[in-house]
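Trainee: the following comprises the amino acid sequence and a computationally predicted model.
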Amino acid sequence: MAAWLDAVLVLLMLSGFWLLGSSRLQACIRTVAIQGVLLGLIPLLSEWPDVTPRLAVVAAISALIKAVILPYLLRRAIREANVRHEVDPMVGFTTSLLFGIGLWGISMYLASRLPVAEASVSSLQVPVSIFMVLCGLFLIVSRNTAVMQAIGYLALENGIYGFGWAFAIEEPLLVEMGVLLDVFVGVFVMGITIHHLSREFDTIETDELASLKD
Amino acid sequence: MFSIAGCLPVLLAFCGAPLLFSVINRTKAKFAGRRGAPWLQPYFELAKLLRKSAVYSRTTTPLFTLGPMVSCAATATALLFVPLSGVAPVFAFPGDVLWVVYLLGTSRFFMVLAALDTGSSFEGMGANREVFFSALAEPALLLSLTTLAVWSQSLSLGGIYGNLGAVVLAPAAGPPLLLVAAALLIVFLAENARIPVDDPTTHLELTMIHEVMILDHSGPDFALIQYAASLRLWLLGSLLVGVVVPWRSAGLVLNVLAGCTCLFLLAVLTGIIESVMARLRLVRVPEFLIAASVLSIVALVLMMR
């Protein structure tokens, strides 16, 4: 199963690059939904021979939230706010891809320095998780629309979640609690914030929100 | 190193490369609900062009006639170094990876020179775009081949693709090889001026890339260009197919047959891609090509892990 786990992790990393290079919000939302499904597969693959029912349920619930509910909220937000594209990001898409390569290098380096890396099933799990966290952070600081920033936040969350699963074998309860809390916070922040934003203002461009008007 | 067995795939390439074009065109015709041109149409066209005489503008110099010749010769030479699915190439030496990539570069360089030699601003624009996109595709090709070289511990194409069959069954090889294959597919489409990057059938000034450069060539010169294009399709195709189908058998004929079948399947795939995808906007093409480089860098990092 290690080979399948590696394949899933590589797909997760590619989805990070896709988020960096894509301008269509719809496509980005679909990408984070796919990330959710792939993250749901990780625990099942990494403990393949003895998957407990509890593990399966936790994985299924979080996959459901990450792949169905959060994307649904985001889709509703872009429909109501009537935005389709990230028009003018702070960092261009091609440059973002190049930054992505740098982030990937950094996360490989960090993962090789972390003593915890040996604890996980696949040696790719820690670098990919760090990469997703960095990607999410990069999206948050380099994109203008609030939806894109929320997507970045979600990618960051996904990275933390993946990082948690790397050690799920040793600290099961803690990780599960953490995971569910993460998800809860994600729903809370995005559901409420975006909804308020789109109700209150016509635009969800944060640059315009920052400038005062009479 | 000289291998006599390698002559068979090369001879097949010299004879059968234009057939790849007709496979692509027939696939596109099927999708469009047409019957399509006869299978031998590319050969008819080559024969027709060879019978005609070339027309030269008074502003051109001998460089203009040199372009197609050198371009075709360089591509044909490169083909001697490229293995088809595990059959050792005719010639091989350590480091011929770079040699092949730069033979392709030479071929393109002389096409660009010939285009600039016409003095037409339109051809200059085409040459400009061609060079821009191939400059972006080249690192992707080199990085992919580097990844394969690292993985198979060899510096010659023959060694790389020969060893690939043995090591590919290791489970860790799956994801990086898939990434390399994806990068090589993008390079294959870009370097052969196929659809997401360039449309080989368009003659609209604003969108043409490769076709612009060859507008002024006619007769035998144009035939050489078309033939060189089919050889390049075969060459880059066999680089891609060698990664995707690393199946090797002991028998020479069986190997060559498998390789050719895969090449024609690749041509069908190209036809399908051309039928279902739209051309990328010109400003999006660099992103597409950089994505290929990203894929191969990631694969390289995974391999060196």
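Mentor: Received the coordinates, thanks. Numbers count the residues shown, from 1 in each chain, chains lettered A, B, ... in the order given.
Trainee: so what does the helix or strand containing A:Y109 touch, helix or strand wise?
Mentor: Taking DSSP states H and E as the definition, A:Y109 sits inside helix A:93-113. Applying 3 or more C-beta pairs under 8 Å, 6 or more residues apart in numbering or on different chains; DSSP states H and E, one finds that helix A:93-113 makes contact with helix A:2-21, helix A:125-142, helix B:285-304. No exception for glycine: its C-beta is placed from N, CA and C like everyone else's.
Trainee: now those helices as a markdown table including mean pLDDT and mean neighbour count?
Mentor: Listed next are the helices and strands packed on helix A:93-113 as a markdown table, based on pLDDT from 0 to 100; neighbours: other C-beta atoms under 10 Å in any protein chain shown:
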| stretch | mean pLDDT | mean neighbour count |
| --- | --- | --- |
| helix A:2-21 | 88 | 21 |
| helix A:125-142 | 92 | 23 |
| helix B:285-304 | 89 | 22 |
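Trainee: B:V283 - that's part of a strand, no?
Mentor: No - going by DSSP: H, G, I helix; E, B strand; the rest coil, the assignment for B:V283 is coil, not a strand.
Trainee: let me see the backbone angles for it.
Mentor: Dihedral angles of B:V283 (phi, psi; degrees, to the nearest 10) stand at phi -70, psi -20.
Trainee: ditto for B:Q226
Mentor: Note on B:Q226: its backbone torsions stand at phi -60, psi -40 [degrees, to the nearest 10].
Trainee: go ahead and confirm it touches B:L49.
Mentor: Yes - assessed by C-beta atoms under 8 Å, B:Q226 is found in contact with B:L49 at 7.2 Å.
Trainee: near chain B, which residues of chain A? Just list them.
Mentor: Contact residues (C-beta under 8 Å from any C-beta of the partner chain) of chain A with chain B: A:2-3, A:6-7, A:9-10, A:13-14, A:17, A:21, A:93-94, A:97-98, A:100-101, A:104-105, A:108, A:123-124.
Trainee: apply 10 Å and report the result again.
Mentor: Within chain A, the residues that sit near chain B (C-beta under 10 Å from any C-beta of the partner chain) are A:1-4, A:6-11, A:13-14, A:17-18, A:20-23, A:92-98, A:100-101, A:104-105, A:108, A:111-112, A:122-124, A:127, A:131.
Trainee: re earlier: using CSV, write out every CA atom in the helix holding A:Y109.
Mentor: Output in CSV follows, covering the C-alpha atoms of helix A:93-113 (Å, rounded to 0.1, in the frame of the first residue of the first chain):
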residue,chain,number,x,y,z
PHE,A,93,0.4,32.8,-11.9
THR,A,94,3.6,31.9,-13.7
THR,A,95,5.6,33.5,-10.9
SER,A,96,3.5,31.7,-8.4
LEU,A,97,4.4,28.4,-10.0
LEU,A,98,8.1,29.3,-9.7
PHE,A,99,7.6,30.2,-6.1
GLY,A,100,5.9,26.8,-5.7
ILE,A,101,9.1,25.1,-6.8
GLY,A,102,10.9,27.1,-4.1
LEU,A,103,8.3,26.2,-1.5
TRP,A,104,8.7,22.5,-2.5
GLY,A,105,12.4,22.7,-2.0
ILE,A,106,12.0,24.4,1.3
SER,A,107,9.5,21.8,2.5
MET,A,108,11.8,18.9,1.4
TYR,A,109,14.6,20.6,3.3
LEU,A,110,12.5,21.2,6.4
ALA,A,111,11.2,17.6,6.4
SER,A,112,14.7,16.2,6.1
ARG,A,113,15.7,18.3,9.2
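Trainee: buried residues in it?
Mentor: Going by neighbour count (16 or more other C-beta atoms under 10 Å in any protein chain shown), the buried part of helix A:93-113 is A:93-94, A:96-97, A:99-101, A:103-104, A:107-108, A:111.
Trainee: do the same with stretch B:113-124
Mentor: For stretch B:113-124, a neighbour-count test (16+ other C-beta under 10 Å) marks B:113-118, B:120, B:123-124 as buried.
Trainee: before we move on, which element is B:W247 in?
Mentor: Judged by DSSP H and E, B:W247 forms part of no helix or strand.
Trainee: pLDDT, secondary structure and distance to B:F44 for the buried residues of stretch B:113-124 - can I get that in JSON lines?
Mentor: Shown next, in JSON lines, are these (pLDDT from 0 to 100; DSSP: H, G, I helix; E, B strand; the rest coil; distance: C-beta to C-beta, whole Å):
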{"residue": "B:L113", "pLDDT": "94", "secondary structure": "helix", "distance to B:F44": "30"}
{"residue": "B:A114", "pLDDT": "94", "secondary structure": "helix", "distance to B:F44": "25"}
{"residue": "B:A115", "pLDDT": "93", "secondary structure": "helix", "distance to B:F44": "26"}
{"residue": "B:L116", "pLDDT": "93", "secondary structure": "helix", "distance to B:F44": "31"}
{"residue": "B:D117", "pLDDT": "93", "secondary structure": "helix", "distance to B:F44": "29"}
{"residue": "B:T118", "pLDDT": "91", "secondary structure": "coil", "distance to B:F44": "27"}
{"residue": "B:S120", "pLDDT": "88", "secondary structure": "coil", "distance to B:F44": "29"}
{"residue": "B:E123", "pLDDT": "89", "secondary structure": "helix", "distance to B:F44": "27"}
{"residue": "B:G124", "pLDDT": "89", "secondary structure": "helix", "distance to B:F44": "32"}
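Trainee: can you redo those residues as JSON lines with distance to chain A?
Mentor: Shown next, in JSON lines, are the buried residues of stretch B:113-124 (distance: C-beta to the nearest C-beta, whole Å):
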{"residue": "B:L113", "distance to chain A": "29"}
{"residue": "B:A114", "distance to chain A": "31"}
{"residue": "B:A115", "distance to chain A": "26"}
{"residue": "B:L116", "distance to chain A": "27"}
{"residue": "B:D117", "distance to chain A": "32"}
{"residue": "B:T118", "distance to chain A": "32"}
{"residue": "B:S120", "distance to chain A": "30"}
{"residue": "B:E123", "distance to chain A": "27"}
{"residue": "B:G124", "distance to chain A": "25"}
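Trainee: farthest-separated two in those residues?
Mentor: B:L113 and B:S120 (13.8 Å; C-beta to C-beta).
Trainee: surely B:E130 touches B:V212?
Mentor: Yes - counting by C-beta atoms under 10 Å, B:E130 does reach B:V212; the two are 7.9 Å apart.
Trainee: neighbour count: these two, which is higher?
Mentor: B:V212 (23 against 20; other C-beta atoms under 10 Å in any protein chain shown).
Trainee: let's verify that one: helix, strand, or coil?
Mentor: helix.
Trainee: next one: it relative to chain A, how far apart?
Mentor: As judged by C-beta to the nearest C-beta, to the nearest Å, B:V212 and chain A stand 24 Å apart.
Trainee: distance of the most centrally placed residue in chain A from A:L39?
Mentor: Centroid check for chain A by C-alpha atoms, centre = their mean gives A:A155 as the closest residue, at 1.6 Å. Separation of A:A155 from A:L39 (C-beta to C-beta, to the nearest Å) stands at 11 Å.
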